[in-house]
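Student: Test case, fold it:
(chains A, B and C)
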Amino acid sequence: MDNVIRRRTPGARLARWSLYAVLIGMALFYLLPLVVMLLTSVKPLEEIRAGSLLALPQAPTLAPWVKAWSEACTGMRCEGVGGYFWNSFRIVIPAVAISTLLGALNGYALTKWRFRGADLIFALMLFGCFIPFQVVLLPMARTLGWLGLSTSTAGLVLVHVVFGIAFTTLFFRNFYVSIPNELVSAAKLDGAGFFRIFWRILLPISAPIFVVSVIWQFTQIWNDFLFGVAFSAFETQPVTVALNNLVNTSTGVKEYNVDMAAAMIAALPTLVVYVLAGKYFVRGLTAGSVKG
Amino acid sequence: MSALEIRQVRKDFGATRVLKDVSLSIDSGEFLILVGPSGCGKSTLMNAIAGLEPVTAGEILIAGEDVTWRTPAERDIAMVFQSYALYPSMTVRQNIAFGLEMRKVPKAEREAAVERVADLLQISPLLDRKPSQLSGGQRQRVAMGRALAREPKIYLFDEPLSNLDAKLRVEMRTEIKKLHQRLGTTIVYVTHDQIEAMTLADRIAVMRDGHILQLGTPEEVYNDPVDMFVAGFMGSPSMNFIQATLEGDAGAYRLAIETPESPRLVLPWPAARETPAMADAVGGRAVLGLRPEHFSEEDLRLGDRAEGTLLAAKVTVAEPTGADILLRLPLGDGEVTARVGPKASIAAGEWIELRVDMSRAVLFSPDSERRLA
Amino acid sequence: MVTTTLGDGTGSAASRRTPAARLQDWLPRLVVAPSFAISLFFVYGFMLWTFVLSLTNSRMLPQYDFIGFAQYARLMENERWWVASTNLAIFGGLFVVICLVIGAGLAILLDQRIRQEGVLRTIYLYPMALSLIVTGVVWKWLLNPSLGIEAMVQGWGFESFQFDWLVDSDMAIYTLVLAAVWQASGFVMAMFLAGLRGIDDNIIKAAQLDGASLPRVYWRVVLPCLRPVVFSAVMILAHIAIKSFDLVMALTGGGPGYATDLPATFMYVHAFTRAQIGLGSASAMLMLGAVLAILVPYLFSELRGRKHG
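Tutor: Predicted coordinates for the structure are as follows:
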């Protein structure tokens, strides 16, 4: 829309101003919950009861954060969400690493070594992106039991890997499809084999899609609640489950500031990722959904 | 022993037969060009030689050894791709050395090879750059360097010049020719550009629909095409095909051409170029093939000694190219292109007299499109 | 590029391949095989398994005495299931429509050479990075009648202001819509913006040279070009709506009563806390059916479109 001459009439200027007004108003709507969450999390409880949502804290305190991290009650125990925060990392890191690696190899094999049935295999795997997970919950619970992985961190890692492969394969396949086949042909003639070509030729140019895949998987698994609540025990539950328990624990006085601090703690890792690598985050969202 | 021999190679993609029992034999040191329109199977044949596409049937022998079922790596072949296919993450040096590294050549030898190739192609200053920092022509050189580093049995070139601009393409064409003369390597070269084919090849294979229509030296393919397709494909502007009637008897065949609003033109067929097939075609239609340069301006100095027949026509378009002038003239039921010297001052709408050099004309059957004479 | 099929020659031909060639033929398949096997078992196998469970009388533990489609019949008579399904229709419908309107509107406004566009985009989209649990928790706080937005506006002097949807069983479902729209509309905006940026500028210039006003250009020229975006957005949003579970658990817990139950929470509650595995499985199968009902026409039109394109 560049290079189009605009008339500088008062009417046009008014339109311009209202345009900005709408955009900024919407920005406030999106920001409001985050701002309130942050403000509430540093206010003492009395101030919350007395004052308004958006009132600035008179006596800011980090006590709610400390309590949320290490003392708040999540269900029967009162150890805060800190431990569960690390639980989430214990689940996320191996699950992201394994699913991304498998997705990369699958995408490479399916595009650059197209064997008979490769497209069918991909289509069948892709379906895993679309199923409502409720349809696999019960069999998964039984299978984890048989494998002796019920309520274990390893079990949750397995679940996330299994249902993440469809997405990571999709990412890498779509990326490698755009890499010219001649590159692989040239390497074959040069004498490199399957893994060598992957390692020496394709991997070094796959950084962007690795970032997309890692960010997507990280946010998906970090934010997961369904598998967490279905397949974990107190010791292994991820932070989302702990947060939900904390907020819904009905013993004693409701400490909204602690709830908000815990919510902030649960939200921080993905927010940080989003702020640092927003471009790749969006790319993952659109690649993971539009092209699916 | 042939450097490369292809026996009855067939390739199917599903129900489509892309290569229809192609056979071909190339001598050591020969520069063979596969030429044809897109979809003719030339790239598939190239890939089959490289081992990048397994064939459906047939055999491929390199230096007498059957390599039909070997991997590309086991065939000792190097290839230059149209897209260059330089490894983006590696420097020029690493690109060139990669094939040697894969073959476990010691580091010192690898470095020597890189130096040798860099000297040969004058790319020494570029050795530590990444492909993304190179221009199109430089990438092209590096791609060739990568192929030359290994000294394989056969080089394959897959339309290596078609991504270059016109000027660079001519330069690199010359360079490739020089390299071939200097190194005496065996080269199979695919292109759709008939000028590249004519200028570079020892022999040309013209392909269409999975067949090799004609295999011969550039001169043979140009002057003695087997059918109308080859005749029309080689040469630019392409050969004129003129509908005519074959008349007369052995020893005195004539071609009669009816042009609207012009007198009937009768061209005698040179007796030296008669064929037995012509006898059966007398009285029927024939297609006369004349290249633009087979027309020439009537030069009075030649007088009676001039061979051929005079033709008078009204010019519809005159296109000066600098080196010469291309004229469009009505002849038969269509128009023909004639190439005349740059000095002729001819404008559209004027009449011109041209001499037709029948000694180089070719004659086709309109039904089979094969040569009559 | 035509499909390359390696090593699909006749048996005798395959056996003539060198060992290295044979390895090269099989390695790609071997690499994909584990993932493919996982998909077959954990996706297709589990779907079948759940279907089998839905035909049984399983309660606390899975057991396999078949009772036909009785669980589906029970589901049809179950009032709570109907509440959940109706809720899904209301929630899904509103969620999709509002997200589309806001997303498209914001994208068009942002496409007007806005200063600080990047900042605004970042702000609109960040909720998508949050867990739906976090979204639920924070909106639960905002919608808290005695301390949240209601109290805040009343504090500004509007004493009669009422915003107690969260505890009103008729209105609670709309709090889910509000929170979900807040979370996902920025994403729809990003999709539309990408679509807008993909449109050839010259089309817009040509339309302006033809004398069309800017709103008219958008309505008549640009939006029709974005049909594929609308299509994908609807599909993704509908998919999110059907799977919605976390948000309900965190924001309303399905309450008041079961006024905000959705099929996803219905399934979880019956399968995991109410020892109704058979009934839960049947509800999961119906959810799958709903997803397929949206997905299959979408994929079908995608494939058809690609063939025509």
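
Student: all contacts plus neighbour counts: C-alpha atoms, from now on.
Tutor: Noted.

Student: so what's B:Pro330 bridging to?
Tutor: When bridges are called by DSSP bridges, B:Pro330 pairs up with B:Glu335.

Student: should've said B:Leu265
Tutor: With DSSP bridges applied, B:Leu265 shows beta-bridge pairing to B:Ile257.

Student: wouldn't it be in contact with B:Arg254 here?
Tutor: No: counting by C-alpha atoms under 8 Å, B:Leu265 stays clear of B:Arg254, with 10.0 Å between them.

Student: show me the contacts for the residue in chain C positioned nearest to chain B.
Tutor: Relative to chain B, the nearest point of chain C is C:Arg17 (4.6 Å; C-alpha to the nearest C-alpha). Counting by C-alpha atoms under 8 Å, 6 or more residues apart in numbering or on different chains, C:Arg17 makes contact with B:Trp69, B:Arg70.

Student: With A:Gly103 instead?
Tutor: A:Gly103 makes contacts with A:Ile165, A:Ala166, A:Phe167, A:Thr168, A:Thr169, A:Leu170, A:Phe171, A:Phe172, as judged by C-alpha under 8 Å, 6+ apart.

Student: what separates the helix or strand that the fourth one is a member of from the chain centre, distance-wise?
Tutor: Put plainly, it is A:Thr168. Per DSSP states H and E: A:Thr168 is located in helix A:153-177. Distance of helix A:153-177 from its chain centroid, counting by C-alpha atoms, centre = their mean, to the nearest Å, is 13 Å.

Student: tally of neighbours for the closest residue to A:Ala97 other than its chain neighbours?
Tutor: Spatially, and ignoring its direct neighbours in sequence, A:Ala97 is nearest to A:Val214 (7.6 Å; C-alpha to C-alpha, 6 or more residues apart in numbering or on different chains). The tally of other residues near A:Val214 (other C-alpha atoms under 10 Å in any protein chain shown) stands at 23.

Student: From chain A, how far off is the residue nearest in space to the middle of chain C?
Tutor: Centroid check for chain C by C-alpha atoms, centre = their mean gives C:Ile240 as the closest residue, at 1.9 Å. Using C-alpha to the nearest C-alpha, to the nearest Å, one gets 9 Å for the distance from C:Ile240 to chain A.

Student: in a helix, that's where that residue is, yeah?
Tutor: Yes: under DSSP: H, G, I helix; E, B strand; the rest coil, C:Ile240 sits within a helix.

Student: Looking at chain B, which residue is nearest chain C?
Tutor: B:Trp69 (4.6 Å).

Student: Please list the residues of chain B that sit near chain C.
Tutor: Chain B comes close to chain C at residues B:Phe13, B:Glu53, B:Pro54, B:Thr56, B:Trp69, B:Arg70, B:Thr71, as judged by C-alpha under 8 Å from any C-alpha of the partner chain.

Student: which of those residues tops the neighbour count?
Tutor: For the residues of chain B next to chain C, the largest number of neighbours (other C-alpha under 10 Å) sits with B:Thr71, at 27 neighbours.

Student: Quick check: pLDDT value at it.
Tutor: On pLDDT, B:Thr71 comes in at 90.

Student: Where does pLDDT dip in the chain?
Tutor: Just so you know, I chose chain A. For chain A, the stretches flagged by pLDDT under 70 are A:1-8, A:250-252, A:284-292.

Student: hmm, I had chain B in mind actually
Tutor: Applying pLDDT under 70 to chain B flags residues B:298-308.

Student: one more time with 80, if that's ok
Tutor: Low-confidence segments of chain B (pLDDT under 80): B:1, B:261-263, B:298-310, B:342-345.

Student: Would you tell me which helix is longest in it?
Tutor: Looking across chain B with DSSP state H, the single longest helix is helix B:166-183.

Student: Which strands or helices does the strand or helix carrying C:Phe46 pack on?
Tutor: For C:Phe46, the host element (DSSP H and E) is helix C:46-54. With contacts defined as 3 or more C-alpha pairs under 8 Å, 6 or more residues apart in numbering or on different chains; DSSP states H and E, helix C:46-54 has these neighbours: helix A:134-146, helix C:277-308.

Student: Please parse the chain into its domains.
Tutor: All of this is about chain A. A:10-61, A:82-289 (automatic domain parsing).

Student: my bad, chain C
Tutor: Domain assignment for chain C by automatic domain parsing gives C:11-42, C:79-308.

Student: sorry, back to before: run through the neighbouring helices and strands of the helix holding A:Thr168.
Tutor: Contact analysis of helix A:153-177 by 3+ C-alpha pairs under 8 Å, 6+ apart lists helix A:82-112, helix A:118-126, helix A:207-223, helix A:226-231, helix A:278-289, helix C:19-39 as its packing neighbours.
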